[in-house]
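1. what would the 3D arrangement of this be:
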Amino acid sequence: MNKTLTTLKILAVAALAVALGACNTISKETESSSIIIIQSITGTTMAGETVAYLESDVLDQDGLVRANNATANILVRLVNPGSISGPSQFNDVVLTNYRVTYELPTGPGTPGTDVPMPFDGNFSTILCQVDETTSIPFVVVLEAAKQSAPLVGLIGTSTVLERRAKIEIFGHDLTDHPVTATGYLTIRFADYQGAQPIR
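-> Below you'll find the predicted structure:
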């Protein structure tokens, strides 16, 4: 009898452990109650003005090649804003990394041929609070891209290449549920010491 009770207790504990493990798995797979919205992505002109596109010089006047930054304006909202409980600190979002993929104005291109190679970047710890806009600068064009096709071919010419950067931003809320959003930025690549109209 005692042996039977011991066996039943062991089985009960094992079942409880399996149930708890299943609960944790379900919790991890549950979608976040927060969403990130990219309100805008801005770049700068050669004159330093903030605009809704980027003018990227493939070779600066001092002969150096430099990366280009853009700025994403991120807003965090609740998926269900009418929730009785309202937002809490657990709905805030930490942004972790991003991916930049370049496209032709008409659609996908061939990396390393008519568009630069895609790349992944990381954010330093960036906390975005619910219902607040956070401005996040990030690198959108690498130095290496300007030293490779198709951009390196622009040096010393008057050609302007217009391409589109697809920017995917990744993060998680404070319960570790993933969130992501996608935005776009038009980039005009040229050797701006003698650029002509876009073709």
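2. where exactly do the helices run in the chain?
-> 2-29, 143-146 (DSSP state H).
3. which stretch in the ones you listed has the least confidence?
-> Lowest mean pLDDT within those: helix 2-29, at a mean of 38.
4. my guess is residue 37 meets residue 77, correct?
-> Yes. Under the criterion of C-beta atoms under 8 Å, residue 37 makes contact with residue 77 at 6.1 Å. C-beta coordinates here come from the backbone N, C-alpha and C atoms, glycine included.
5. so, low pLDDT: which residues of this protein?
-> Residue ranges of the chain with pLDDT under 70: 1-30, 82-86, 194-199.
6. domains of it?
-> By the assignment in automatic domain parsing, the chain contains the domains 1-30, 32-190.
7. mean neighbour count, those: which tops it?
-> Burial of the domains of the chain is given as mean neighbour count (mean count of other C-beta atoms under 10 Å); domain 32-190 ranks first at a mean of 16.
8. most centrally placed residue in this protein?
-> The chain has residue 169 as the residue nearest its centroid, 1.9 Å off, counting by C-alpha atoms, centre = their mean.
9. tell me what it is bridged to.
-> Here residue 169 sits in beta bridges with residue 98, residue 181, as judged by DSSP bridges.
10. quick check: it touching residue 184?
-> No. The pair residue 169 and residue 184 does not pass the contact test of C-beta under 8 Å, sitting 12.0 Å apart.
11. shared neighbours of these two, anything?
-> Common neighbours of residue 169 and residue 184 are not found (criterion: C-beta atoms under 8 Å, 6 or more residues apart in numbering).
12. now do the strands in the chain.
-> Ranges of strands in the chain, per DSSP state E, are 34-44, 50-51, 53-57, 68-78, 93-104, 107-108, 119-128, 133-141, 160-173, 178-190.
13. adding distance to residue 148, write those out as JSON lines.
-> Below are the strands of the chain laid out as JSON lines (distance: least, C-beta to C-beta, whole Å):
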{"stretch": "strand 34-44", "distance to residue 148": "20"}
{"stretch": "strand 50-51", "distance to residue 148": "26"}
{"stretch": "strand 53-57", "distance to residue 148": "14"}
{"stretch": "strand 68-78", "distance to residue 148": "15"}
{"stretch": "strand 93-104", "distance to residue 148": "12"}
{"stretch": "strand 107-108", "distance to residue 148": "18"}
{"stretch": "strand 119-128", "distance to residue 148": "11"}
{"stretch": "strand 133-141", "distance to residue 148": "12"}
{"stretch": "strand 160-173", "distance to residue 148": "13"}
{"stretch": "strand 178-190", "distance to residue 148": "12"}
